[in-house]
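Q: model this:
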Amino acid sequence: MRITLQVTGPGDAALDLREWLRGEPGLRERVGRGPSPEPEPGAMGALGEVVPLLLEPGGLTVTLAASIVAWLQTRRGTQSVTITRPDGTQVVVTSEGVRGLTPETTGDLARRVAEALEPKPVERDAAPAVGPRREPDAGTDADPGGQED
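A: I've put the predicted structure just below:
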């Protein structure tokens, strides 16, 4: 699963995050180098650097999410990381949103981010099992009114 991280903030935030992620043993080999996206026509400059990652579903999403939250907690100023899944779903985590979190709430946030990154299982229409249709026996006397004589 190819995930991209778009980092916005002062300085070389994307480079700093890339190096932070490379410090995680499970992520080190999965962090790639990506070019800065071109700004949209009429925009004032680039949106931020892109850091591509290649993850396996159910694999390192918790490690990635926890690393991003921890990195943002160490940052000064306003920074954000937009995480984009292959289907285009985006999760945005900002430094303002993680400051002052307790260890417990930091872990909860990392789990929620990881869950948002996991691919959703494809739901299939589950038709109920239907057996052969049985008609009532023609020889049975059934009173449609439900009254007994």
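Q: so what pLDDT did R75 get?
A: pLDDT for R75: 88.
Q: Tell me the bridge partners for the closest residue to Q6 other than its chain neighbours.
A: Spatially, and ignoring its direct neighbours in sequence, Q6 is nearest to T82 (4.3 Å; CB to CB, 6 or more residues apart in numbering). Heads up, the C-betas are built off the backbone N, CA and C, glycines and all. Assessed by DSSP bridges, T82 has beta-bridge partners Q6, V92.
Q: heads up, I number from 620, so please use that
A: I'll keep to 620 as the first residue from here, and by that count the last item is T701.
Q: tell me, how many neighbours does T701 end up with?
A: Other residues lying near T701 total 17 when counted by other CB atoms under 10 Å.
Q: mind listing what it touches?
A: Neighbour list for T701: 624-627, 667, 709-711 [criterion: CB atoms under 8 Å, 6 or more residues apart in numbering].
Q: Just give me the closest of those residues to T693.
A: Nearest to T693 among the contacts of T701: V626, at 13.6 Å, using CB to CB.
Q: Am I right that that closest one is in contact with V670?
A: Yes: judged on CB atoms under 8 Å, V626 makes contact with V670 at a distance of 6.7 Å.
Q: list residues touching both of the two?
A: Common neighbours of V626 and V670, counting by CB under 8 Å, 6+ apart, are 633, 636.
Q: Now the element after the strand or helix carrying V670, going C-ward?
A: In the assignment (DSSP states H and E), V670 maps to strand 668-673. For strand 668-673, the following helix or strand on the C-terminal side (DSSP H and E) is helix 680-692.
Q: List the contacts of that next one.
A: By CB under 8 Å, 6+ apart, the list of residues contacting helix 680-692 from outside reads 622, 624, 635-636, 639-640, 643, 645-646, 672, 674, 698, 700, 702, 712-714, 716-718, 720, 725-726, 728-730, 732-733, 736-737.
Q: residues contacting T721?
A: Applying CB under 8 Å, 6+ apart to T721 gives no contacts.
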